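**Student:** Take a look and give me a structure for this.
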Amino acid sequence: MKSAKFLSVTTRTSIFFVFLLFTLHASLADKPATNSIEELLGIYNRAVKELMTSNYQEAVALLQTLHKSVPDNFMVNYNLACALARTGKYPEALKHLEKAVDSGFVDVKHIETDPDIDPLRQFPEYKAIIEKAKQAGLKRAEELARIPEPESVFLPSANKDEKMPLLIFLHGMGGCAEDLKPLFL
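**Tutor:** Reported below is the predicted structural model:
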């Protein structure tokens, strides 16, 4: 698999937005049915379109509507920070950028290179938010490093020509494949 640094900016951006869309969808799944998931995703898609076409006031309005339903979604908070920064509402933009980081958005490289965030870089709060994102990213990396690597376990077969069914076992119980092998023998 190619390393992310070899992927084009367009590819990385596309992957990033797909990931964010799935994250938004997941955070909406447990929300009350005041608005359906489809309606909220529709609002989000319209807001992103408005952001991309420089209609920042409309993007702010849509994202604020969405924020009422999913106030802790890092994607909504990050995009709201972008739209607010573009409209000159810097204190509110910084608040939502920090909320995005507090909610799990720790892609420091993206924050540091996003032109929508440019107006915020002049503020001391921005530097503190970046530092918070870096620390949260390091903590997440440490947590991910503790997750065991996937293992392939091939059970012995008496007949080498015998076709074996494929079993993929995903679990959240911890441990390793060797510990779970007796469950399948």
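
**Student:** So for E50, what's the nearest residue that isn't a sequence neighbour?
**Tutor:** Once flanking residues are discounted, E50 sits nearest to A59: 3.9 Å by Cβ to Cβ, 6 or more residues apart in numbering. C-beta coordinates here come from the backbone N, C-alpha and C atoms, glycine included.

**Student:** Which residues are in contact with the one you found?
**Tutor:** Taking Cβ atoms under 8 Å, 6 or more residues apart in numbering as the criterion, A59 is in contact with 47-48, 50-51, 79, 83.

**Student:** Out of those, which is nearest to I129?
**Tutor:** When the contacts of A59 are ranked by distance to I129 (Cβ to Cβ), N79 comes first, at 15.5 Å.

**Student:** For burial, what's the neighbour tally of the closest one?
**Tutor:** Using other Cβ atoms under 10 Å, N79 is surrounded by 26 other residues.

**Student:** do Y90 as well
**Tutor:** Counted with other Cβ under 10 Å, Y90 comes out at 17.

**Student:** So it sits against D118, correct?
**Tutor:** No: contact criterion Cβ atoms under 8 Å: Y90 and D118 do not qualify, at 11.3 Å.

**Student:** so who does K99 touch?
**Tutor:** Each residue near K99 by Cβ under 8 Å, 6+ apart is listed here: 72, 74, 77.

**Student:** D107: which of these is nearest?
**Tutor:** Nearest member of those to D107, counting by Cβ to Cβ, is F74, at 9.7 Å.

**Student:** and the closest one, how far is that from N159?
**Tutor:** Remark: distance between F74 and N159 (Cβ to Cβ, to the nearest Å) = 52 Å.

**Student:** between these two, who's got more neighbours?
**Tutor:** Counted by other Cβ under 10 Å, F74 and N159 do not tie: F74 has more neighbours, with 22 against 7.

**Student:** In which helix or strand does the spatially closest residue to V60 that is not a sequence neighbour reside?
**Tutor:** Of all residues not flanking V60 in the chain, A83 sits nearest, at 4.6 Å (Cβ to Cβ, 6+ apart). Assigned by DSSP states H and E, A83 falls within helix 74-86.
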